[in-house]
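Student: need a structure here:
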Amino acid sequence: QVQLVESGGGLVQPGGSLTLSCAGSGRTFSTSAMGWFRQVPGKEREFVAGISWRGRSTYYADSVKGRFSISRDNAKNTMSLVMNSLKSEDTAVYYCAAAEGHLTVYSERAYYDYWGQGTQVTVSS
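Tutor: Now for the predicted structure:
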């Protein structure tokens, strides 16, 4: 099993930056692909970014490509999402997720077995 805890959310002005962190525990963290998703009320949870088990492959939603950067440190069981040039439409609850037993990057929510509790990101002036 993998347990996940997000941190780093908050209020930021448009054009600003924020870094989200995900701390994982469990022996399969380092052998699981990981991802970030986000959700706003009334909408489906959507894929934001994903990273392969060793961090060599990454994949981004078109809406964040060039602005967000995902990384992981398996020695520390952590994953990060650096968010730059934030826009109001980036406002959402952000979740980290683990695809246990899957090594490559997936954007489909169905591949992810474990989820954190979420952290709120609000982009507003």
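Student: Arg45 contacts Tyr95, correct?
Tutor: Yes: between Arg45 and Tyr95 a contact is recorded at 7.0 Å, counting by CB atoms under 8 Å. Where you see a C-beta, it was placed from the backbone N, CA and C, and this is true even at glycine.
Student: Between the two, which contacts overlap?
Tutor: Taking CB atoms under 8 Å, 6 or more residues apart in numbering as the contact rule, Arg45 and Tyr95 both touch 37-39.
Student: In terms of neighbours, single out the busier of Arg45 and Tyr95.
Tutor: Tyr95 (22 against 17; other CB atoms under 10 Å).
Student: and that one, what does it touch?
Tutor: By CB under 8 Å, 6+ apart, the residues touching Tyr95 are 6, 36-39, 45, 115-118.
Student: Could I have the CA atoms of the helix or strand harbouring it written out in PDB?
Tutor: For Tyr95, the enclosing helix or strand under DSSP states H and E is strand 92-99. C-alpha atoms of strand 92-99 as PDB (Å, rounded to 0.1, in the frame of the first residue of the first chain):
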ATOM      1  CA  ALA A  92      -8.800  23.700  -7.700                       C
ATOM      2  CA  VAL A  93      -8.100  21.100  -5.100                       C
ATOM      3  CA  TYR A  94      -4.900  19.300  -6.100                       C
ATOM      4  CA  TYR A  95      -4.400  15.600  -5.400                       C
ATOM      5  CA  CYS A  96      -1.400  13.400  -5.700                       C
ATOM      6  CA  ALA A  97      -1.900   9.800  -6.700                       C
ATOM      7  CA  ALA A  98       0.000   6.600  -7.100                       C
ATOM      8  CA  ALA A  99      -0.400   4.000  -9.700                       C
END
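Student: Tell me which other helices or strands the helix or strand that comes right after that strand touches.
Tutor: The helix or strand immediately downstream of strand 92-99 is strand 114-115, counting by DSSP H and E. If you count contacts as 3 or more CB pairs under 8 Å, 6 or more residues apart in numbering; DSSP states H and E, strand 114-115 packs onto strand 3-7, strand 92-99.
Student: For PyMOL, write the select line for the buried members of the contacts of Tyr95.
Tutor: Restricted to buried positions by 16 or more other CB atoms under 10 Å, the PyMOL selection for these reads:
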select buried, resi 6+36+37+38+45+115+116+118
